[in-house]
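Novice: Pasting the sequence and the predicted model now:
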Amino acid sequence: MTQIDYSAFDTPGRGRGILDVFEYRYLLRLLIGKSTALRYRNSVLGWFWSYVRPTIQFLVYFLVVGEILGLHRNVPAFPLYLFSGLVLVNLFNETLGAATQSIVKNGALVRKIYLPRELFPLAAIIGAFTHFLPQLAVLIIVSLLFGWLPSFASVGLVLLGMLLVLLFVTGLGLFFAALNVRFRDASNTVDIIRTIATWSVPVLYTWAMVYERTEGFRWLFHVWISNPLAVAVEMFHHAFWGALPVVNEASPAPANLGWPPEFGWHVAASVGVILVTLVLGQLVFRRAERTFAQDL
C-alpha cells in the first residue's frame, strides 16, 4: 500500500500563534486597511478627528492641571511636558481598546473561515497606531516651535518608547481580546484600565512628586515607575521636553527632573513585565480561540 506523505500539510486550526502573522502578511494588510477605512466611514471630518480629540483633551488637562492647580509654575514649558506624555497615553488607550474589540467586531470572519486569530488584534493595534502618527507629527512641530533640536538620542528614545508601549499592548490585547469573546465584561474592565492609565503615569504630574510622597515606602515608587507605560512616558519626556534649552537652563530643582533614580533597573523590570504579558496573553489566547466560533 502506498504511504501518503502528510508532512506538507498543517493540521486545521493549529498554528504557531503570533508567529503565523508573518506568514499571513497579505491578510494582515487587508485587515489593517479594513479597520482604517471603517474607522471614520460616513464621517464629515474623517481623519481630522485624529487631531480634534487629543487637542480637546490636552486643552482640558492644561487648563485644569496647569492653570487651575498651578503645575505650570513648577515645570518649565509645561504644555510640552503635558503633551509629550499625553500622546503616548493616547497610543496605549487607543490600541488597547481596539485590540480588545477586534475578535468580536470580526465575528463573521471568525465563524466562516480559519486564519490565525492573532491577526485581528494585531491589525487593530497597527490600525490604531496609524491614527497616532498625526498626533506624533503635531508633537514634533510643537516641540520645534519651543526650540527643540532633534538628536540621535532623542529619536532613539522616541522609537524605544513607542516599541515598549506597542509590545505591552500586544500582550494585553491578546489577553483581553480572548476574554471579551466569552465575557463581554472584559471591555468594561479595559475601559477602567484606560482611565487609570491616564492618571497612573507621570503626565499630569512629575515623578519627583511621587518620589517625595513615597519617602517611607520607596519600594512602592520603584514598583510604580517600573510600569512599561510609565517608563515609555519618561523616555518621551526626555526626548522632547527634557531637551529644551529653557528646561536645562532653569534654576529651580524641579525644572530639569533628570531620570528617576535607578532608572536602568526600571527599564529592565518593564521589559520583564512585557515579556510575561506577551507569554500570558498568547497562552490565554491560544486556549480560548478553540471556542471563538461557538461563543460568537
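Specialist: Happy to help now that I have it. Model, not experiment: these values are computed from the prediction. Residues are numbered from 1 along each chain as shown.
Novice: Could you pull up the contacting residues of Glu262?
Specialist: Contacts for Glu262 (Cβ atoms under 8 Å, 6 or more residues apart in numbering) come out as His222. To be clear about C-beta, it is placed using only N, CA and C from the backbone, and glycine gets the same treatment.
Novice: Return the distance of it relative to Tyr211.
Specialist: Applying Cβ to Cβ, to the nearest Å, the value for Glu262 to Tyr211 is 11 Å.
Novice: what's the next secondary structure element after the host helix or strand of Leu172?
Specialist: Assessed by DSSP states H and E, Leu172 sits inside helix 152-182. Later in the chain than helix 152-182, the nearest helix or strand by DSSP H and E is helix 185-200.
Novice: which residue packs closest to Val110, ignoring adjacent ones?
Specialist: Counting by Cβ to Cβ, 6 or more residues apart in numbering, Val110 lies nearest to Phe292, which is 5.2 Å off, once chain neighbours are set aside.
Novice: Can you get me a residue count around that neighbour?
Specialist: Using other Cβ atoms under 10 Å, the number of residues around Phe292 comes to 20.
Novice: Sticking with it, tell me its helix or strand.
Specialist: Counting by DSSP H and E, Phe292 is part of helix 292-295.
Novice: Can you give the distance from that helix to the centre of its chain?
Specialist: Offset of helix 292-295 from its chain centre (Cα atoms, centre = their mean, to the nearest Å): 28 Å.
Novice: So which bits of that helix are buried?
Specialist: Judged by neighbour count using 16 or more other Cβ atoms under 10 Å, the buried positions of helix 292-295 are Phe292, Asp295.
Novice: Same check on stretch 99-109?
Specialist: Ala99, Thr100, Gln101, Ser102, Ile103, Val104, Lys105, Asn106, Leu109.
Novice: Quick one: mean pLDDT for the helix or strand containing Phe58?
Specialist: Using DSSP H and E, Phe58 falls within helix 49-61. Helix 49-61 carries an average pLDDT of 74.
Novice: The following helix or strand past that helix relative to helix 152-182, how many degrees between them?
Specialist: Later in the chain than helix 49-61, the nearest helix or strand by DSSP H and E is helix 78-105. Between helix 78-105 and helix 152-182, the angle formed by their directions is 30 degrees, by axes from the mean of the first three to the mean of the last three Cα atoms, to 10 degrees.
Novice: Can you list the helices and strands that helix 78-105 packs against?
Specialist: helix 49-61, helix 119-145, helix 152-182, helix 185-200, helix 228-239 (3 or more Cβ pairs under 8 Å, 6 or more residues apart in numbering; DSSP states H and E).
Novice: For the second one, enumerate the helices and strands it packs against.
Specialist: The reference is to helix 119-145. helix 25-39, helix 49-61, helix 78-105, helix 152-182.
Novice: out of those helices, deepest packed?
Specialist: Mean neighbour counts were taken over the helices and strands packed on helix 119-145 using mean count of other Cβ atoms under 10 Å, and the top value, a mean of 24, falls to helix 78-105.
Novice: for the residue nearest in space to the middle of the chain, what are its contacts?
Specialist: Centroid check for the chain by Cα atoms, centre = their mean gives Phe92 as the closest residue, at 2.5 Å. Listed by Cβ under 8 Å, 6+ apart, the contact partners of Phe92 are Val165, Phe168, Val169, Arg194, Ala197, Leu229.
Novice: thinking again about what came up before, nearest to Phe221 among the helices and strands packed on helix 119-145 would be which one?
Specialist: Phe221 lies closest to helix 78-105 among the helices and strands packed on helix 119-145, at 17.7 Å (Cβ to Cβ).
Novice: Just the CA atoms of the next helix or strand after that closest one, as CSV, please.
Specialist: Next helix or strand after helix 78-105 toward the C-terminus (DSSP H and E): helix 107-112. Written as CSV, here are the backbone C-alpha positions of helix 107-112 (Å, rounded to 0.1, in the frame of the first residue of the first chain):
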residue,chain,number,x,y,z
GLY,A,107,-17.1,37.7,14.3
ALA,A,108,-18.4,37.0,10.8
LEU,A,109,-14.9,36.1,9.6
VAL,A,110,-14.0,34.1,12.6
ARG,A,111,-17.1,31.9,12.2
LYS,A,112,-16.7,31.3,8.5
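Novice: Which residues outside helix 107-112 are in contact with it?
Specialist: Here helix 107-112 has contacts from Ile103, Leu115, Arg117, Phe120, Phe292, Ala293, Leu296, using Cβ under 8 Å, 6+ apart.
Novice: Reformat these as a markdown table; add pLDDT.
Specialist: Shown next, in a markdown table, are the contacts of helix 107-112 (pLDDT from 0 to 100):
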| residue | pLDDT |
| --- | --- |
| Ile103 | 89 |
| Leu115 | 78 |
| Arg117 | 85 |
| Phe120 | 89 |
| Phe292 | 79 |
| Ala293 | 74 |
| Leu296 | 67 |
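Novice: Alright, I will stop here.
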